[in-house]
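Participant: turn this into a structure:
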Amino acid sequence: MLHLDLYDRVWLSGKPPVQRLIAEGFLRFDYRNVEIVLEGRERLPEHPVVLAMNHTDNFNYWPLQYELHRLMRRYTATWVKGKNYESPLVRRFMLVTNNIPVASRGYVVTRDFLNVMGRRPTADEYRALRDAVDEGGLTDARAIPRPVLEQERDMLGRRFWPHRESYAEAVDALMNLFHARFVEKNREAMRLGLDILVFPQGTRSVRLSRGHIGIAQLALHLDVPIVPVGCSGSDLVYPSRSALARPGRIVYRIGEPMRDWGALRPTEPFAPFTRAAESAHRARFQAVVDRVMDAIDGLVDEPYRYSEDRVSDGTEGTRRFV
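Facilitator: Reported below is the predicted structural model:
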């Protein structure tokens, strides 16, 4: 599972050996019947950027990484959800292939509940816990099992002392620790010359949906451009959880770098992902992400464009997290 100490084991490399081994030892042969089209690579600046791409299936970042390796010897560090660190085997793979784990509040709430109660929270329990975390305090503790609120424990790397702090305060403090390490790993990736690959939707969805504000916070904080990337066709090459590609055609279109945010850029420094930053600048962050998602919408084929309600057609409920 995701734990504070896990960030000490994340190994990033400017020329990632395992990525290159997979590219040359597996993908080069697996893609013999896959046509990969990379349009607009001349738009990529020489310096590292944040790549924002739609996420249609489990593996749609592999063909992009392969083409960047094959054509440009350019490499990425990818944001990966906490749930991908639940399996020991998958966790080991993620740690050595230039991935940066993302600790979301949903993951922390769900995983901690599972650790305490031995089961996932129900929809009502999860909603009550998220309301407590998002609003800074419980409005109705009756919906939550008492051990979750009152049991002293290690909460994913930080000790929770119920007699000293509330559950909401403990989660908030833990998230601040997670986010500080997350931001530092992104800084390290940039120093190594890596592009940061982000799926702003936060989950897999064939149809484009509204993006989350994390990518805006990082790009504005580090002052790096966001480059939109539209992916079309990968879901037909990877229709299941199998890493073996089916014959097909995948098109990646790279858009113009986005950096001039005008009045949307906060005028004072901020600590990304903190409650204070999101409270003060959420509308600006969301407006930045909306522009990025609109750009992606213009880069994908029709079957992958916005759904009518801009809601994801992917996994729902707590299974999004664990």
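Participant: okay, CA-based contacts and neighbour counts for the rest of this
Facilitator: Fine.
Participant: which is the next helix or strand following the helix or strand of the chain with the lowest mean pLDDT?
Facilitator: One helix or strand of the chain scores below all others by mean pLDDT, DSSP states H and E: helix 123-135, with a mean of 89. Sequence-wise, the next helix or strand downstream of helix 123-135 (DSSP states H and E) is helix 146-150.
Participant: return the set of buried residues in the helix or strand following that next one.
Facilitator: Elements were assigned by DSSP H and E; along the chain past helix 146-150, the next helix or strand is strand 153-155. Across strand 153-155, burial judged by 16 or more other C-alpha atoms under 10 Å covers 153, 155.
Participant: run through who's touching strand 153-155.
Facilitator: Strand 153-155 is contacted by residues 112, 159-161, 174 when judged by C-alpha atoms under 8 Å, 6 or more residues apart in numbering.
Participant: strands of this protein, start to end?
Facilitator: All strands of the chain, identified by DSSP state E, fall at 34-39, 50-53, 76-81, 99-102, 153-155, 158-160, 195-198, 226-232, 248-254.
Participant: reformat those strands as JSON lines; add mean pLDDT and distance to residue 279.
Facilitator: Shown next, in JSON lines, are those (pLDDT from 0 to 100; distance: least, C-alpha to C-alpha, whole Å):
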{"stretch": "strand 34-39", "mean pLDDT": "98", "distance to residue 279": "38"}
{"stretch": "strand 50-53", "mean pLDDT": "98", "distance to residue 279": "24"}
{"stretch": "strand 76-81", "mean pLDDT": "97", "distance to residue 279": "23"}
{"stretch": "strand 99-102", "mean pLDDT": "97", "distance to residue 279": "20"}
{"stretch": "strand 153-155", "mean pLDDT": "98", "distance to residue 279": "25"}
{"stretch": "strand 158-160", "mean pLDDT": "98", "distance to residue 279": "24"}
{"stretch": "strand 195-198", "mean pLDDT": "98", "distance to residue 279": "23"}
{"stretch": "strand 226-232", "mean pLDDT": "98", "distance to residue 279": "23"}
{"stretch": "strand 248-254", "mean pLDDT": "98", "distance to residue 279": "32"}
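Participant: just send these back as TSV, with distance to residue 263 too.
Facilitator: What follows is those, written out as TSV (distance: least, C-alpha to C-alpha, whole Å):
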stretch	distance to residue 263
strand 34-39	31
strand 50-53	20
strand 76-81	27
strand 99-102	28
strand 153-155	39
strand 158-160	38
strand 195-198	24
strand 226-232	17
strand 248-254	25
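Participant: pLDDT score assigned to residue 49?
Facilitator: At residue 49, the model reports a pLDDT of 98.
Participant: these two touch, right, it and residue 225?
Facilitator: Yes: here residue 49 reaches residue 225: they are 5.5 Å apart, a contact under C-alpha atoms under 8 Å.
Participant: specify the residue positioned farthest from the middle of the chain.
Facilitator: Counting by C-alpha atoms, centre = their mean, the extreme residue of the chain relative to its mean C-alpha position is residue 163, 33.9 Å from that point.
Participant: so how far is residue 149 from that residue?
Facilitator: 10 Å (C-alpha to C-alpha, to the nearest Å).
Participant: poorly predicted segments of the stretch 101-250 of the chain, please.
Facilitator: The model of the stretch 101-250 of the chain has pLDDT under 70 over residues 137-140.
Participant: ok, residue 175 - contacts?
Facilitator: 103-105.
Participant: same check, this time on residue 135
Facilitator: Applying C-alpha under 8 Å, 6+ apart, no residues qualify as near residue 135.
Participant: all helices of the stretch 201-322 of the chain, in order?
Facilitator: Applying DSSP state H, counting those that start in this stretch to the stretch 201-322 of the chain gives helices spanning 214-222, 234-237, 275-297.
Participant: list of residues touching the second one?
Facilitator: In other words, helix 234-237. Applying C-alpha under 8 Å, 6+ apart, the contact partners of helix 234-237 are 34, 56-57, 59-60, 206, 245-251.
Participant: right, I'll leave it there.
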